[in-house]
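**Q** need a 3D model of the sequence below.
(one chain, ligands or ions: 2)
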Amino acid sequence: MQSLQTPNNICILAIESSCDDTSAAICYNGKILSNVAATQAIHAEYGGVVPELASRAHTVNIVAVVDVALKKAGKTKEDISAIAFTRGPGLLGSLLVGVGFSKAMAQGLDVPIIDVHHMKAHVMAHFIDAPFPKFPFLCLTVSGGHTQIVKVTDYNEMEVIGTTIDDAAGEAFDKTAKMLKLPYPGGPLIDRYAKNGDSKKYKFSKPRVPDLDFSFSGFKTSVMYFLRDEMGKNPNFITENVDDICASVQYTIIEILTDKLKKASQQTGIKEIAIAGGVSANNGLRTTLSALADEQGWSVYIPDYQYCTDNAGMVAISAYYKFLKNEFAPIDIPALARWKM
Ligand code: KG4
Ligand code: ZN
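**A** Numbers count the residues shown, from 1 in each chain. Ligands and ions are numbered 1, 2, ... in the order given. Next up, the predicted model:
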């Protein structure tokens, strides 16, 4: 592990705009002083994120979000030492708003810029609040677009050792929620209904995928056929059994995720285990992971709710560790919709 110099008065403004949240955060000497987000309710009407509407909303919200982040942190523009932004992966139109805004503001203030990888930032959220995981650790990173097991060897240094071959875990939640006629994003609603349901009532298929990879397409199809058959017998089946269906759906997704996490820990011998990304806000997953800590002898790390779904705090902390290594970006660096970790 590289040793880091820690100069004083490092004040980073970070911007996250990769999908449908416009977020800004201030990190001062490695502490997050503010983390502000404007969420875009408009997408719920369409059952998913509409890229064009997301970019437009970012342009509307970004100035106010940055102002509030500075005010909440008790800092002014003149205090800023560097501006960080999510370079990718994400929706290109959305990324361009954050990247363009950051570059323009940095030029105006004559400060350097720092580019941040969105999925690395989800993992780096673990360095916001203690206790911090020890290197090397494994992180199950589960979001709307990704499902990965990552081996983390240093700040911002990580390798993907397992990934999904089709849908992401967040998509599995959102798409099954759609089948249950729940609005987008359905993940948090499945979580809420599942609390009152019987997780063993219905069985859905689990994939047989080699190594540490994941698949959710067979599971999704099994939920679809199950609902079609049951609704054929009783048209009110979903409304009458929504708690049990959500609990059983959630239970299966968690089993698919944690089966591979156990395998990854056995293969690597690593027992420092973290979760990150939007789906790590799921209460069933959080409880299961805490139970696995005892069963498997793991030290587990679960982020605070505000740092699970997309937020600029995670971008700011990621940038702070890049700042300490003098890893600044050139001003002509482009946004990347696809960017390997
Ligand atoms: O990390 P994130 O905010 O955005 C991406 O980078 O994709 O993740 C969003 C995903 C959505 O699929 C959403 O349904 C899911 O995270 N999610 C949840 C919960 N909260 C957010 N899924 C299950 N349970 C939750 N409580
Ligand atoms: Zn994300």
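
**Q** wait, Asn156 sits on Lys120?
**A** Yes - using C-beta atoms under 8 Å, Asn156 makes contact with Lys120 at a distance of 5.6 Å. All C-beta atoms are positioned from the backbone trio N, CA, C, and that covers glycine.

**Q** so which of these two has more stuff around it?
**A** The neighbour comparison of Asn156 against Lys120 (other C-beta atoms under 10 Å) goes to Lys120, with 23 against 20.

**Q** quick one: contacts for that one?
**A** For Lys120, the contact set (C-beta atoms under 8 Å, 6 or more residues apart in numbering) comprises Asn156, Met158, Ser318, Met341.

**Q** nearest to Pro188, of those?
**A** Ser318 (24.7 Å; C-beta to C-beta).

**Q** which SS class is the closest one?
**A** Following DSSP: H, G, I helix; E, B strand; the rest coil, the label given to Ser318 is helix.

**Q** mind checking how far it is from ligand 2?
**A** Look at Ser318 and ligand 2: by C-beta to the ion, to the nearest Å, they are 12 Å apart.

**Q** pretty sure that residue contacts Asn156?
**A** Yes - between Ser318 and Asn156 there is a contact at 6.1 Å, judged by C-beta under 8 Å.

**Q** which residues are in contact with each of those two?
**A** For the pair Ser318 and Asn156, residues contacting each of them under the criterion C-beta under 8 Å, 6+ apart are His117, Lys120, Met124.

**Q** and the pLDDT at whichever residue of the stretch 201-341 of the chain sits closest to ligand 2?
**A** For the stretch 201-341 of the chain and ligand 2, the shortest gap (C-beta to the ion) falls at Asp310, measuring 4.4 Å. Per-residue confidence for Asp310 comes out at a pLDDT of 96.

**Q** just to revisit the earlier point, which of the contacts of Lys120 come close to ligand 1?
**A** With C-beta under 6 Å from any ligand atom as the criterion, no member of the contacts of Lys120 is in contact with ligand 1.

**Q** farthest pair in these?
**A** Ser318 and Met341 (12.3 Å).

**Q** can you give me the helices in the protein?
**A** Along the chain, the segments classed as helices by DSSP state H run 51-73, 92-109, 118-124, 169-179, 187-194, 217-233, 237-268, 283-296, 312-324.

**Q** to Pro7, which of those helices lies closest?
**A** Where these are weighed against each other on C-beta to C-beta, the nearest is helix 312-324, at 8.1 Å.

**Q** for the closest one, packing partners?
**A** Contact here means 3 or more C-beta pairs under 8 Å, 6 or more residues apart in numbering; DSSP states H and E; on that basis helix 312-324 packs against strand 11-16, strand 21-28, strand 31-39, strand 82-88, strand 113-117, helix 118-124.

**Q** export the ones you listed to CSV and append columns for distance to Glu45 and mean pLDDT.
**A** Putting these into CSV (distance: least, C-beta to C-beta, whole Å; pLDDT from 0 to 100) gives the following:
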stretch, distance to Glu45, mean pLDDT
strand 11-16, 23, 98
strand 21-28, 17, 98
strand 31-39, 14, 97
strand 82-88, 25, 98
strand 113-117, 31, 98
helix 118-124, 25, 98
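
**Q** quick one on the thing from earlier: which of Ser318 and Met341 has more neighbours?
**A** Each of Ser318 and Met341 has its neighbours counted (other C-beta under 10 Å); Ser318 has more, 29 against 16.

**Q** contact partners for the more buried one?
**A** If you count contacts by C-beta under 8 Å, 6+ apart, Ser318 has them with Ala84, Val116, His117, Lys120, Ala121, Met124, Asn156.

**Q** now the last one: how far from Ile26?
**A** Computed with C-beta to C-beta, to the nearest Å, the distance linking Asn156 and Ile26 is 20 Å.

**Q** repeat that for the fifth one.
**A** Ala121 sits at a distance of 15 Å from Ile26 (criterion: C-beta to C-beta).

**Q** just the pLDDT for the spatially most central residue of the chain.
**A** The chain has Gly277 as the residue nearest its centroid, 2.3 Å off, counting by C-alpha atoms, centre = their mean. Model confidence at Gly277, given as pLDDT, is 97.

**Q** and what of Val68?
**A** Val68 is assigned 98 on the pLDDT scale.

**Q** does it really touch Val36, like I thought?
**A** Yes - counting by C-beta under 8 Å, Val36 is a contact partner of Val68 at 4.8 Å.

**Q** within range of ligand 2, give me the residues from the chain.
**A** The chain comes close to ligand 2 at residues Ser143, Asp310, as judged by C-beta under 5 Å from the ion.

**Q** what residues does the stretch 1-150 of the chain put near ligand 1?
**A** Residues of the stretch 1-150 of the chain lying near ligand 1 (C-beta under 6 Å from any ligand atom): Cys19, Ser143, Gly144, Gly145.

**Q** from these, which two are the most distant?
**A** Looking at these by C-beta to C-beta, the two members farthest from one another are Cys19 and Ser143, with 9.1 Å of separation.
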